[in-house]
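Novice: Sequence isn't available, so here's the structure alone:
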C-alpha cells in the first residue's frame, strides 16, 4: 500500500539529545517504508512521487503521527492467565498458579494467545514486541499471520529446552519473515545451570548475537546469585562472555555499582518493567542513575499475568512516576527520556534500527494519536501530554510495516476478535 | 428518559464485605433513577413497567453495567495547566508556575476549563467529582449545564476568601440543583490562619456539615504543623471541632498513629491521590493500614496539572500497586477494595449515598464497560480485569442522573468539543 498522510503533526526524534520536535506537514508511506516527510511541495516530494500510484490519502486533521511504541520485554501468550490469580504472595502465584498451568499449554494454544496479545498491543500503539516464551516458531507464525513485528529471545532454563533447540529456533525464526527475528537469550541465572549458560555464551559468539535475560528483578535473586557464584547476575553473565555483541537485561531493579559499570562498558540495555515490578512488589528500578550514567533504556510491559495489561501508556507514566518516588524528586526522569525509551530505546534494544523513528527510509511502524480528546488539551506540550496524560483511547490508528492493522477500534489482522476471545477463554477454561 | 438496558452483566456491590457479584440480566432506568434490575420477567418487572413509555431499549451485548466512578478529590479547572510545566522541583512548579497563572484566572475561565475536565471525566467513566477551586457557583453552573454531578468544597486560605464567602457559596451551590452540592472545607493547615480555621469549625457546627481539607500530603507539611501547633493536621483540626459531622482528608500520606485513631473514631474518609503523589514525589499513602483499621477509603485524581490526567483507571492501578511496593507484598490491597473505594467509597465520602451502587432506587449514574476488548479477555475475573487491566478505551457509555452524556467517543453535553479545546488553549495562551 502507498499512503499519503496529510495535515499531520509529525513527531521527529533527536537521537543525540533524546528530545523531540513536531513538524506539521505530510508523511508518505510507500510499501513498508516512509518515503517522504515535508510540506508536499518541495523537490524531495516530486522525487518521492515519481511513478507512484497512491492507494489512499488520509487527512490526519492535525493529529499526531508518531513512531510506534516498542514493548521491549513481554511474554505475550500469558494472556490466558490475566486476572486468573492476582493479589497473592509472589511465590504462591508463580509456583501454585502460573507454572502448573503453563505446563498444560500446547503449541496451538500459543498461537491464539499470541494473537490476543497482538490485538492488545495494537490498541496501545505498540508496533513490535520483544517476546520470551514457549514455542518461538509458533509465536513467529502468529505475528507473521497478523502482520505484526516480533523479536524473540529464548526462555531456556533447567525445566525445558536445550542450546540445540535455541539454535534451531534462532535460525527458523530469523529466516521466517522480515517481521520476525530472534536474539540469543535465556530465562535467568536462578533457573539455569552453568552448563546451559556456557552453551548460550557460545551461541552468542557463534552468531555474533546480543544476549538478553531476566536480570536482577528481585533482591532475593541477586543475593542468591552472589551466594552461588560470588558474582551478581550481570557480573556472572559478563564473565561468561555473553555480551561481546551487546544485549541487556529485563527488569534490572536491584543493580550493584559494578553492574552499572558493565552495562556502560558493554553498551547494554536496561529494559524496565515498572507495571510488573509494581504489581509483583519487586521494587523500583534506578532509572535516574541509568540516565545519569548514560545507560540505554527501553520499556516493557512484562507478561499480562504480572501486569495485567499490555499498555505502554501505563508503563510510561510509571517509569517516571516511580523514579520520582524513589528519589523523592519531582524533577527526575523527564517525559522526553521516557518517550525516547518507549520508542527509539526499545527499537535499538531489539536491534530494530530501521523502526526507531519517523524518517525517510525507516519502516512504516506508525501510530496516529488523537489529540482532539480532552486528556490531550490544551496543547501546552504534546510530549508531556503523551507521557503523563496519554491513554489507549488516544490511539486512532496503528500501522505496522506499512499496513494499517488497527483503526478507530477495529482490527484488520485477518481474525474475528470474538473468535480469539472464545479461544482464550476455552484455553484457560480447560485448566480450571 | 426511560431506558431499558438488556443483555447486560450488572455489577452489584456488597456494602458489608466490599466485594462484588455479577448478575446477568436487565437494568431499567426511569427518569434519573434505577427502577429495576432482574431478568425482566418477574413480578417486580411487571410493577416497574406499569404506565411507563420506554424511550429506548439498549442491547448491552453482554457488556458490563457498573456504578460510575467517583473522583473524590480534584481541582477540575486546572486543566489549563496540564503539561504546562512538568518535571520541575515541587516548589518551583507551585510558586513560579502554578500560583502566578492561577492569579490571572477570571470567573468565566473557570466555566470553560470545568467543561473540559467534565468531558475528560466522562471518558473515564467518572460520574461525579469532589471539587475544590475558585468560584464555586461558576463551577456548579458548568456542571449543571453539562448535566454532570459535582460536589464542591471550599479552597479557603489566607490568600483569598473569607468564611462569609464560604457560607454564601455553601448556600448558593446547595440550592442550585440536585446535581450540585457543597460540603464545608478549606485548603490546608499550612495555608490557613487559625482565625479562618475556627470560622470553618463554626460553619461545620452550624450546618452539621462534614469537613474536608488537604491533609498530610507531604512530610514537610506535617512536620511544620507540629512545629507550629504541637499537633498533626488531623489532631489540630479535630481539636477545633471540625469533624463532629464527619468528613476526611485529601492525600493522607504522612499519617501518625494518633491520626489513624481520629479517622477511626470520627468515621473519616482518607481520599487517596496516588497519581498526584507519584508525579509530585509526595510519597505513598498507607493504604494497607487504612484497610486493616477499617478506615473508609476513596480515590481522587487531584487536579490535572499534578497528575496530569483525570483517569480513574490509572488511579486504581496505582492505589494497589504503590501499596504493594510500599509493603513489598504482592498480596496487599486486593482489587475488590480498590474498586469499592473508586465507586461506593467515593460516593459515601461525597455524601452521595444514593449514587453508590447499582440498585433499585439509586440514581442512574452508570457506566457501560466494553468487555469485548483484548485487555478484558479472557474473563477470568472481571473485577480484577477492571482494576489491573481496565482503560478509558473500555468506557462505551457514561450516564449521569439518567442521561447518556458520553457514548462511543461522542459527547452529548451541549458543547462542541473543538470549541472547548479552543477556549482552553486561548486561556493558557493569554498567560504565556
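Specialist: Sure, I can see it. Nothing here was measured: the structure is a model prediction, and the numbers come from that model. Numbering: from 1, shown residues only, chains lettered A, B, ... in the order given.
Novice: On the C-terminal side of the worst-scoring helix or strand of chain A on mean pLDDT, identify the next helix or strand.
Specialist: None of the helices or strands of chain A scores lower by mean pLDDT, DSSP states H and E than helix A:90-91, at a mean of 80. Next helix or strand after helix A:90-91 toward the C-terminus (DSSP states H and E): helix A:99-102.
Novice: Can you point out the buried residues in that following helix?
Specialist: A:101-102 (16 or more other C-beta atoms under 10 Å in any protein chain shown). Bear in mind the C-beta positions are built from the backbone N, C-alpha and C, glycine included.
Novice: hmm, that helix touching chain B?
Specialist: No: applying C-beta under 8 Å from any C-beta of the partner chain, one finds helix A:99-102 out of contact with chain B, separated by at least 11.0 Å.
Novice: Please name every helix or strand in contact with the next helix or strand after that helix.
Specialist: Following helix A:99-102 in sequence order, the next helix or strand is helix A:107-123 (DSSP H and E). Judged by 3 or more C-beta pairs under 8 Å, 6 or more residues apart in numbering or on different chains; DSSP states H and E, the packing partners of helix A:107-123 are strand A:126-132, helix A:136-146, strand A:395-400, strand A:403-407, helix A:417-431.
Novice: Repeat the analysis, applying 7 Å as the threshold.
Specialist: With contacts taken as 3 or more C-beta pairs under 7 Å, 6 or more residues apart in numbering or on different chains; DSSP states H and E, helix A:107-123 sits against helix A:136-146, strand A:403-407, helix A:417-431.
Novice: Using TSV, lay out the ones you listed together with distance to residue A:299.
Specialist: Shown next, in TSV, are the helices and strands packed on helix A:107-123 (distance: least, C-beta to C-beta, whole Å):
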stretch	distance to residue A:299
helix A:136-146	20
strand A:403-407	20
helix A:417-431	25
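Novice: Would you mind listing what in the stretch 251-400 of chain A touches chain B?
Specialist: Contacts of the stretch 251-400 of chain A with chain B, taken as C-beta under 7 Å from any C-beta of the partner chain, map to A:278-281, A:284, A:308-309, A:311, A:314, A:317, A:321, A:324-325, A:328-331, A:334-335, A:372-375, A:377-381, A:384-385, A:388-389, A:391-393.
Novice: Mind checking which of those land in helices?
Specialist: A:278-279, A:314, A:317, A:321, A:324-325, A:335, A:384 (DSSP state H).
Novice: Would you mind giving those residues as CSV with pLDDT, distance to residue B:428 and neighbour count added?
Specialist: Shown next, in CSV, are those (pLDDT from 0 to 100; distance: C-beta to C-beta, whole Å; neighbours: other C-beta atoms under 10 Å in any protein chain shown):
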residue, pLDDT, distance to residue B:428, neighbour count
A:278, 97, 32, 26
A:279, 96, 36, 25
A:314, 98, 27, 26
A:317, 98, 22, 30
A:321, 98, 24, 30
A:324, 98, 24, 25
A:325, 98, 28, 25
A:335, 98, 18, 23
A:384, 97, 13, 22
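Novice: Give me the most central residue, chain A.
Specialist: residue A:71 (1.4 Å; C-alpha atoms, centre = their mean).
Novice: Find the helix or strand that that residue is a member of.
Specialist: strand A:69-74.
Novice: Return the list of helices and strands in contact with that strand.
Specialist: strand A:126-132, strand A:296-299, helix A:346-349.
Novice: Tell me, how many residues neighbour residue A:108?
Specialist: Counted with other C-beta atoms under 10 Å in any protein chain shown, the neighbours of residue A:108 add up to 12.
Novice: which ones are touching the residue nearest to it when sequence neighbours are not counted?
Specialist: Counting by C-beta to C-beta, 6 or more residues apart in numbering or on different chains, residue A:108 lies nearest to residue A:138, which is 7.7 Å off, once chain neighbours are set aside. Under the criterion of C-beta atoms under 7 Å, 6 or more residues apart in numbering or on different chains, the neighbours of residue A:138 are A:107, A:110-111.
Novice: Just the buried residues from those, in PyMOL please.
Specialist: Selection of buried members from the contacts of residue A:138 for PyMOL, criterion 16+ other C-beta under 10 Å:
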select buried, chain A and resi 110+111
